[in-house]
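Novice: Predicted model and sequence follow; I will ask about them next.
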There are 2 protein chains.
Amino acid sequence: MEKSALNINKGIEQPDVINNNSIQRFLQKKRQIMPVEYYIDGILNGNRTILSQAITLVESTNVEHQKIAQQIIEKCLPYAGNSIRVGITGVPGVGKSSFIETLGNFITQIGHKLAVLAIDPSSERSKGSILGDKTRMEVLSRNADAFIRPTPSTGSLGGVARKTRESMILCEAAGFNVIFIETVGVGQSETTVHSMVDFFLLLMLAGAGDELQGIKRGIMEMADSIVITKADGQNIEKANRAMAEYRNALHLFPPTDSGWIPKVSACSSLENTGIELIWQTIDSYFSHIKNNGFLFKKRNEQSKFWMYETINNKLYQDFYEDKIKKKRIKEMEELVLAGKMSSFQAAQKLFEDI
Amino acid sequence: MEKSALNINKGIEQPDVINNNSIQRFLQKKRQIMPVEYYIDGILNGNRTILSQAITLVESTNVEHQKIAQQIIEKCLPYAGNSIRVGITGVPGVGKSSFIETLGNFITQIGHKLAVLAIDPSSERSKGSILGDKTRMEVLSRNADAFIRPTPSTGSLGGVARKTRESMILCEAAGFNVIFIETVGVGQSETTVHSMVDFFLLLMLAGAGDELQGIKRGIMEMADSIVITKADGQNIEKANRAMAEYRNALHLFPPTDSGWIPKVSACSSLENTGIELIWQTIDSYFSHIKNNGFLFKKRNEQSKFWMYETINNKLYQDFYEDKIKKKRIKEMEELVLAGKMSSFQAAQKLFEDI
């Protein structure tokens, strides 16, 4: 990375106060925005406080903040993309926070820099999104090579996801070369996270009974790896059986677009076993898709996807958020539900009326 | 069904020529549209020729035809919905046409009336959509209780699907109480067909090797039933093994929204074995979702889905089909793919420019 290429220090009015904590306090007090270069400089130098500030701008709904945020993102783009992006999902109770804590500490120990983000909006947080509760990853949150960003607290899934994807770009520009994006595994967010990561990891409990009730159908087939958690003590035998079962099941699945055969393994965050193997799996997957060109193809598709997704969201908003239309749409919906009008007729009438 | 409730014969100008073949020829020659009542009368009386003519109007892109078609659909709606809607998918070579032929003939023998439709646009037909080649279902196509409608030959998947859903309403009003909707199993059409059927049946070949290459990931988890085809002769043992494997795999899947546990069975269209059991499965599924209220809930959701789907399609069309916008969108896409602009920035710029 040639950070000098941007000439980020040229002609910038440096703030008087250099101490980050003071700056942060100052910003919070005054709600003042610094010049774009301040953020870019900070991010490219790996300054975590300034990275946080920039992400706060990304997450803000304020128009001025958004304008600056978009400028920051654009300047960071040339430095982004150099990371392994991993989506991690699993139902509440599967031990996701312990898993991220253990795997996270392992990969920073072997020299990587890790950023942990989330895409579940706050409404779903109570269902088990770990990042609302940072304290559950005690060691990792104090790790100098790890950056944990709690879930944005407001907005729709689409909005939060968009912000997470933008934050990821900033994290990459700040030198984080592994990104974890965490979701809960019970809703739509898995499909969304799938559209922004390279590798999708599904955490599962041993035993195919009630514990699985929470996982939505369709998620299993998206997984590049299934990891059975809590494989320790009395659970080991159950975990081994579960691994064998999932391996059998997965070999019946159609092949993935990447040509990768999804792997099944088990681990214990408590006893710190199986963690290294999981990282090796992710690592060899990444080499695999880098070599066969799938990474390039997939990331391009994702970029396109998000451009069109953003356009479509804007089109929806303009249509559905309109007060008069809203009332009319509701009326039509009721006619459709009562079987008095076909779905298509209703849609057509809406456009004729408006 | 109280067909008299509509007073369909009141005040209708009956065409002079009553013979259906002559009418059809007459219509084809003159491209003349009959009064709405002619179609409704014909459909509610189960006249297959008039049903076909009405579907032709549904499929037409002509504005006048569409207007009449929508009127026909609206009048038919109160008589629709009384059928078991079954989606059938499987890759080319799985024996889909023979399966539909055999199962179709069985269910008409036990007193049902069957309509077979398809949603794959013609471009995908060569990949194995059976309905482009009606002659492959020789017996069924001569069956008086079966109505086979070839795939509409033009249009996008969304457009074709919409027309198929409307045609289904007409078929139901014409007294067909079982509807098969066929797709190829290699594309997006499975998700679409899933949004218009009650039961989703996946045909599979025994052996988890190359034969499966065609099935897209995610389809297996949508299936309410997996049927291994060609379970005859030397294949029987292989089919039995495949059944056991799929059963093991399916019990690992998260439960379905309907509370139904997907079933695995095998059949031979050649030897006419296993067919009755498949129908029993569909039948008991239908009782199950009727009793637990899922049928009502699902159909309501589907109606809503299609209303919004139609609105969104119209919004897309107005935006993306615009010539000036098209050029600008392409330019933005290229900037995004070159990593020179973020997806969101590009989308935003598009709206600013326009």
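Specialist: Happy to help now that I have it.
Novice: Buried residues, the helix or strand where residue A:347 lies. List them.
Specialist: Applying DSSP states H and E as the criterion places residue A:347 in helix A:343-353. Residues A:343, A:344, A:345, A:346, A:347, A:348, A:349, A:350 are the ones in helix A:343-353 that count as buried (16 or more other Cβ atoms under 10 Å in any protein chain shown). Glycine gets a C-beta too; all of them are placed from N, C-alpha and C.
Novice: can you tell me the helix or strand for the residue lying closest to the second one once chain neighbours are set aside?
Specialist: With Cβ to Cβ, 6 or more residues apart in numbering or on different chains as the criterion, residue A:344 has its nearest non-adjacent residue at 5.2 Å, and that residue is residue B:310. Assignment of secondary structure by DSSP H and E places residue B:310 within helix B:294-320.
Novice: How far away from the center of its chain is that helix?
Specialist: Distance of helix B:294-320 from the chain centroid (Cα atoms, centre = their mean, to the nearest Å) equals 16 Å.
Novice: That one packs against which elements?
Specialist: helix A:294-320, helix A:323-337, helix A:343-353, helix B:157-173, helix B:275-291, helix B:323-337 (3 or more Cβ pairs under 8 Å, 6 or more residues apart in numbering or on different chains; DSSP states H and E).
Novice: Need the winner for burial among those helices.
Specialist: Of all those, helix B:157-173 has the most neighbours on average by mean count of other Cβ atoms under 10 Å in any protein chain shown, namely a mean of 24.
Novice: What distance do you get for the residue in the stretch 101-250 of chain A that chain B sits nearest to to residue B:87?
Specialist: In the stretch 101-250 of chain A, the residue found nearest to chain B is residue A:249; the distance is 3.7 Å by Cβ to the nearest Cβ. Using Cβ to Cβ, to the nearest Å, residue A:249 is found at 23 Å from residue B:87.
Novice: same thing with residue A:196?
Specialist: Distance of residue A:196 to residue B:87, given as Cβ to Cβ: 30 Å.
Novice: More neighbours: which of the two?
Specialist: Taking other Cβ atoms under 10 Å in any protein chain shown, residue A:196 and residue B:87 do not tie; residue B:87 has more neighbours (26 against 22).
Novice: picking up where we left off before, from what I can see the residue nearest to residue A:344 touches residue B:159, true?
Specialist: No - using Cβ atoms under 8 Å, residue B:310 makes no contact with residue B:159, being 10.3 Å away.
Novice: related to what we said a few turns ago, could you dump the helices and strands packed on helix B:294-320 into TSV and include distance to residue A:99 and mean pLDDT?
Specialist: Listed next are those as TSV, based on distance: least, Cβ to Cβ, whole Å; pLDDT from 0 to 100:
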stretch	distance to residue A:99	mean pLDDT
helix A:294-320	24	90
helix A:323-337	42	91
helix A:343-353	43	87
helix B:157-173	39	88
helix B:275-291	37	96
helix B:323-337	34	91
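Novice: Quick one: closest of the ones you listed to residue B:147.
Specialist: Checking those against residue B:147 by Cβ to Cβ gives helix B:157-173 as the closest, at 6.5 Å.
Novice: how far does that closest one sit from the chain's center?
Specialist: Counting by Cα atoms, centre = their mean, helix B:157-173 is centred 7 Å from the centre of its parent chain.
Novice: counting contacts, what elements does it pack onto?
Specialist: Helix B:157-173 packs on helix A:343-353, helix B:36-44, helix B:48-59, helix B:63-76, strand B:114-118, strand B:178-183, helix B:189-194, helix B:294-320, going by 3+ Cβ pairs under 8 Å, 6+ apart.
Novice: can you put those in TSV and add distance to residue A:304?
Specialist: TSV is the format used below for the helices and strands packed on helix B:157-173 (distance: least, Cβ to Cβ, whole Å):
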stretch	distance to residue A:304
helix A:343-353	27
helix B:36-44	43
helix B:48-59	31
helix B:63-76	32
strand B:114-118	30
strand B:178-183	25
helix B:189-194	19
helix B:294-320	13
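Novice: Ok, which of these comes nearest residue B:220?
Specialist: In terms of Cβ to Cβ, the element of those nearest to residue B:220 is helix B:189-194, at 10.2 Å.
Novice: neighbouring strands for the helix or strand following the closest one, and are they parallel or not?
Specialist: Remark: after helix B:189-194, the chain's next helix or strand is strand B:199-204, criterion DSSP H and E. According to DSSP bridges, strand B:199-204 forms sheet pairs with strand B:84-89 (parallel), strand B:225-228 (parallel).
Novice: what angle sits between strand B:199-204 and strand B:178-183?
Specialist: Relative orientation of strand B:199-204 versus strand B:178-183 (axes from the mean of the first three to the mean of the last three Cα atoms, to 10 degrees): 50 degrees.
Novice: Report the buried residues of strand B:199-204.
Specialist: Of the residues in strand B:199-204, those buried (16+ other Cβ under 10 Å) are B:199, B:200, B:201, B:202, B:203, B:204.
Novice: List the contacts of the fourth one.
Specialist: Counting by Cβ atoms under 8 Å, 6 or more residues apart in numbering or on different chains, residue B:202 touches B:89, B:90, B:185, B:215, B:219, B:220, B:222, B:223, B:225, B:226, B:227.
Novice: What residues are bridge-paired with it?
Specialist: For residue B:202, the beta-bridge partners are residue B:89, residue B:226 (DSSP bridges).
Novice: could you measure it against residue B:279, distance?
Specialist: The gap separating residue B:202 from residue B:279 is 16 Å, by Cβ to Cβ.
Novice: can you pull the contacts of residue A:304?
Specialist: B:333, B:336, B:337, B:343.
Novice: For residue B:329, see how far away it is.
Specialist: 11 Å.
Novice: Quick one: end-to-end distance for stretch A:319-326.
Specialist: Start and end residues of stretch A:319-326 are separated by 8 Å (Cα to Cα, to the nearest Å).
Novice: Give me the distance between the most centrally placed residue in chain A and residue A:85.
Specialist: With distances taken as Cα atoms, centre = their mean, the residue of chain A nearest its centroid is residue A:181 (3.2 Å). Relative to residue A:85, residue A:181 is positioned 7 Å away (Cβ to Cβ).
Novice: Got the domain ranges for chain A?
Specialist: Chain A breaks down by automatic domain parsing into domains covering A:3-78, A:80-294, A:301-353.
Novice: Look up the pLDDT of the nearest residue to residue A:172 once chain neighbours are set aside for me, please.
Specialist: Distance criterion Cβ to Cβ, 6+ apart; nearest residue to residue A:172, sequence neighbours excluded, is residue A:80 at 4.1 Å. According to the prediction, residue A:80 has pLDDT 94.
Novice: Number of residues surrounding the closest residue to residue A:46 other than its chain neighbours?
Specialist: Nearest residue to residue A:46, sequence neighbours excluded (Cβ to Cβ, 6+ apart): residue A:175, at 4.7 Å. Counted with other Cβ under 10 Å, residues neighbouring residue A:175 total 20.
Novice: Tell me if I'm right that residue A:175 and residue A:113 touch.
Specialist: Yes - using Cβ under 8 Å, residue A:175 is in contact with residue A:113, at 5.7 Å.
Novice: in the stretch 101-250 of chain A, which ranges drop under the pLDDT threshold?
Specialist: Residues of the stretch 101-250 of chain A that meet the criterion pLDDT under 70 lie in A:120-136, A:152-158, A:185-188, A:207-215.
Novice: try 80 this time
Specialist: The model of the stretch 101-250 of chain A has pLDDT under 80 over residues A:119-136, A:150-160, A:184-191, A:207-218.
Novice: what's the closest non-adjacent residue to residue A:85?
Specialist: Nearest non-adjacent residue to residue A:85 (Cβ to Cβ, 6+ apart): residue A:197, at 4.3 Å.
Novice: The residue of the stretch 101-250 of chain A closest to chain B against residue B:249, yeah?
Specialist: Yes - counting by Cβ under 8 Å, residue B:249 is a contact partner of residue A:249 at 3.7 Å.
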